[in-house]
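*Asks:* below is the sequence, then the predicted model.
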Amino acid sequence: MSWTDDRVELLKKMWGEGQSASQIAKELGGVTRNAVIGKVHRLGLSNRAGSGAAATAKAEAKPKAAPKPAAAAKPKVEPKTEPAIKPQAPETKSTLPARKQIIPAGQPLPPQPSANEISPEALAKVNEVEKKAKKISLMELTERTCKWPVGDPATEDFWFCGLPVQQGKPYCDAHVGVAFQPMSSRRDRRR
């Protein structure tokens, strides 16, 4: 199915009349509702949400009613809202780690560790380890291999460390030293 000039004109006419995308698709035949929506978007037609030429034309066509005289101005009374009392859960000691804070989209991320905050010893250790690394591909990774990525994923020189991991961590000893920092240094950085 192609969008001929006749079909586009019919689409514009029906869209201007306020017909739904489903109705237009049924009338045109051979197109889906989503195809109609896509074409409307590409043509730059209004979304009919009270703005655009069709809505303006309809508003102008209606005769304006005379303004009603205000019989008695009633003061707006806002309903009283009582403060919400949150039920408090009983305090229990849990061995589970605290969940990470979820940051809403569009909000700035908290400060991330940069290369200058990592100790030179840790960086030197990483450089030495990367010389001895197995240099494995994504398909060769297992739960026992270090998953530290090295290089640019868009190039042929991209690989993963592949050395044995530290117990309970996804990286080898050297990369754990870079990836995970002690709590005290993270706490100091927030201030």
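*Replies:* Sure thing, it's come through.
*Asks:* next helix or strand past the lowest-mean-pLDDT helix or strand in the chain?
*Replies:* Within the chain, no helix or strand scores below helix 53-61, which has a mean of 49 by mean pLDDT, DSSP states H and E. Sequence-wise, the next helix or strand downstream of helix 53-61 (DSSP states H and E) is helix 120-132.
*Asks:* what lines up beside the next helix or strand after that next one in the sheet?
*Replies:* Scanning forward in sequence from helix 120-132 by DSSP H and E, the next helix or strand is strand 149-150. Paired strands of strand 149-150, with direction, are strand 159-160 (antiparallel) (DSSP bridges).
*Asks:* could I get the buried residue list for the next helix or strand after the partner strand?
*Replies:* Toward the C-terminal end, the helix or strand that comes next after strand 159-160 (DSSP H and E) is helix 173-179. Under the neighbour-count criterion of 16 or more other CB atoms under 10 Å, helix 173-179 has 174-178 buried. Glycine gets a C-beta too; all of them are placed from N, C-alpha and C.
*Asks:* now helix 173-179 - C-alpha only, CSV.
*Replies:* The C-alpha coordinates for helix 173-179 follow below in CSV (Å, rounded to 0.1, in the frame of the first residue of the first chain):
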residue,chain,number,x,y,z
ASP,A,173,40.6,-8.8,42.7
ALA,A,174,42.2,-6.0,40.8
HIS,A,175,39.0,-4.8,39.1
VAL,A,176,37.1,-5.1,42.4
GLY,A,177,39.6,-2.6,43.9
VAL,A,178,38.6,-0.1,41.2
ALA,A,179,34.9,-0.8,41.0
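*Asks:* and whichever helix or strand K13 is part of, what's buried?
*Replies:* Taking DSSP H and E as the definition, K13 sits inside helix 5-16. By 16+ other CB under 10 Å, the buried positions in helix 5-16 come out as 7, 11-12, 14-16.
*Asks:* what's the answer for stretch 123-137, then?
*Replies:* 125-126, 129-130, 133, 136.
*Asks:* looking only at pLDDT, what's the mean for that stretch?
*Replies:* The average pLDDT within stretch 123-137 is 83.
*Asks:* cool, and stretch 174-189?
*Replies:* On average, stretch 174-189 scores 71.
*Asks:* and stretch 27-37, by the same measure?
*Replies:* Rounded mean pLDDT across stretch 27-37 is 91.
*Asks:* how close does G38 sit to W3?
*Replies:* According to CB to CB, to the nearest Å, G38 and W3 sit 10 Å apart.
*Asks:* ok, R33 to G151 distance?
*Replies:* Taken as CB to CB, the span from R33 to G151 is 45 Å.
*Asks:* same check on S2?
*Replies:* 46 Å.
*Asks:* for the two, indicate the residue with more neighbours.
*Replies:* G151 (12 against 5; other CB atoms under 10 Å).
*Asks:* list the contacts of the residue nearest to that one when sequence neighbours are not counted.
*Replies:* Nearest non-adjacent residue to G151, counting by CB to CB, 6 or more residues apart in numbering: F158, 4.2 Å away. By CB atoms under 8 Å, 6 or more residues apart in numbering, F158 lies in contact with 149-152.
*Asks:* understood, closing this out.
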